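Enquirer: Below is the structure, and that's it, no one-letter string:
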Ligand code: NDP
């Protein structure tokens, strides 16, 4: 049982809190009642306790939290008007909490930094836990500076950098598949694998989030903060046990060995932006005509980045990370393409396709492409697929994140050095794009990408 905790959501009136955090908490409380939790909402705007309770009640119910548990939360939750950049207001907030404080910065990134600076001016409880949202910094230097600032406040174990993409089910499925099977791990290397694709293609377009996305783009929104971490999990050496120390050390090891495939941003990256089109039955406008978009930002909505991991296990294997919006097909997972067999006995008809393993993330599943003998003429070879669903989590990603934070387990949170490594890898590409070294291609919304990308 974890210690009693006071979860303070700074930015209680914001989009993240309403749409993802509180419903996620609802899914957590449905399965783990956590009577020891006190919830406090804080933001600059005036809000009565009743209005806050209404928001909490609705959002927890949306996550499936039973009414009796919602009533328990409502009995102790409250709203406090706080300017988080004011040290004395923060101090008063911390002093008012009945149990170990957890500050969740659901704030604009610049305000989060100011709040952390304000915290350095007051004495905080030694049990203080801090939770930071993405984006964590805007490049390697700012991430490093933010890590240094956080280091003045609490030990690394008490810092939670959120990655809602790498959920517990995805992590455990990947590790279970690789290390609990005799079948896969011996072939998980450059001798057997030709190439790896890690892809999250979304059918969703901007959906009114220009304020954030038009400054981030697909590279920072997805590759830097999520897909490099999935890659590190996919490629890591075997952990001695499943805990944050082992897993995060091994992920850091992979990322430290990672660089652009050709060493040159111009040949290791591609970027594109959607134009008007139809996705399913939805009309999507030209990206640059979406409300709040500044065409001068040249924001990419689709990116492909090819990297390599310079270890003998992964020597020269191209790993392609791709993510985009407003695409015709929502693909989400890892595809491992194996090398062809060295020799097929004479007498078989058809050259077999190389084996493929596709690991789906959300929904979690695995498909293994193998060659089998066709019906009829047994010498005729054909492609077959073995498919199975993998375990999924009943708790939404933000519920899992909150569970880790409340339990004091940073397994799913991004360690500071790992965040910096991810920025180091993408930094030269972002710079080359700024300098116009890589063209910004276009693709029609609802298509599979630019025509010239094959
Ligand atoms: P919003 O702009 O919707 O909300 C920001 C919140 O911060 C508001 O509640 C605002 O309060 C509060 N705030 C601003 N300044 C202060 C201050 N000085 N003191 C106290 N509160 C303050 O942002 P989002 O909710 O969209 O995003 C929050 C964070 O989460 C960002 O870092 C974002 O990148 C990240 N994120 C968001 C996602 C999303 O889908 N929204 C997804 C993943 C990450 P008030 O309204 O009173 O001004």
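Expert: Done, it's in. Fair warning: this is a prediction, and the values are worked out from it, not measured in the lab.
Enquirer: Kindly state the pLDDT recorded for residue 1?
Expert: You'll see residue 1 listed with a pLDDT of 52.
Enquirer: from the protein, which residue is nearest to the ligand?
Expert: residue 14 (2.3 Å; C-beta to the nearest ligand atom). Using the backbone N, CA and C atoms, a C-beta is placed for each residue, glycine as well.
Enquirer: need the contact list for that residue.
Expert: Residues near residue 14 by C-beta atoms under 8 Å, 6 or more residues apart in numbering: 43, 106, 107.
Enquirer: Just send those back as CSV, with distance to the ligand, secondary structure and neighbour count too.
Expert: CSV is the format used below for those (distance: C-beta to the nearest ligand atom, whole Å; DSSP: H, G, I helix; E, B strand; the rest coil; neighbours: other C-beta atoms under 10 Å):
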residue, distance to the ligand, secondary structure, neighbour count
43, 4, strand, 22
106, 5, coil, 25
107, 4, coil, 24
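Enquirer: Show me what from the stretch 151-300 of the chain comes close to the ligand.
Expert: residue 212 (C-beta under 6 Å from any ligand atom).
Enquirer: Just to check, residue 247 is in contact with residue 237?
Expert: No. Taking contacts as C-beta atoms under 8 Å, residue 247 lies outside contact range of residue 237: 10.8 Å.
Enquirer: more neighbours, the two?
Expert: residue 247 (21 against 11; other C-beta atoms under 10 Å).
Enquirer: Quick one: the helices in the stretch 101-250 of the chain, in order.
Expert: 109-119, 140-151, 168-179, 210-218, 228-235, 244-256 (DSSP state H, counting those that start in this stretch).
Enquirer: what does the stretch 351-454 of the chain give?
Expert: 397-407, 416-434.
Enquirer: Which of the ones you listed comes out lowest on mean pLDDT?
Expert: Of all those, helix 397-407 has the smallest average pLDDT, which comes to a mean of 94.
Enquirer: any low-confidence regions in this structure?
Expert: 1 (pLDDT under 70).
Enquirer: How about the residue in it that sits furthest from its center?
Expert: residue 347 (48.3 Å; C-alpha atoms, centre = their mean).
Enquirer: Report how many residues lie close to the nearest residue to that residue once chain neighbours are set aside.
Expert: Using C-beta to C-beta, 6 or more residues apart in numbering and skipping the chain neighbours, the partner closest in space to residue 347 is residue 379 (6.0 Å). The tally of other residues near residue 379 (other C-beta under 10 Å) stands at 12.
Enquirer: How about residue 154: what's its closest non-neighbour residue?
Expert: residue 128 (5.4 Å).
Enquirer: Likewise for residue 233?
Expert: With sequence-adjacent residues excluded and distances taken as C-beta to C-beta, 6+ apart, residue 233 is closest to residue 174, at 5.4 Å.
Enquirer: Could you do residue 46 as well?
Expert: Residue 46 sits nearest to residue 81 (C-beta to C-beta, 6+ apart), 5.8 Å away.
Enquirer: Where does the residue farthest from the centre of the chain sit: helix, strand or coil?
Expert: coil (DSSP: H, G, I helix; E, B strand; the rest coil).
Enquirer: Got the phi and psi for it?
Expert: The phi/psi pair for residue 347 (degrees, to the nearest 10) reads phi 110, psi -20.
Enquirer: Deepest in the core, which of the helices of the stretch 101-250 of the chain is it.
Expert: Each of these was assessed for mean neighbour count using mean count of other C-beta atoms under 10 Å. The highest is helix 228-235, with a mean of 23.
Enquirer: Against which helices or strands is that one packed?
Expert: Here helix 228-235 touches helix 168-179, strand 193-201, helix 244-256, strand 258-260, strand 302-309, strand 319-324, helix 416-434, going by 3 or more C-beta pairs under 8 Å, 6 or more residues apart in numbering; DSSP states H and E.
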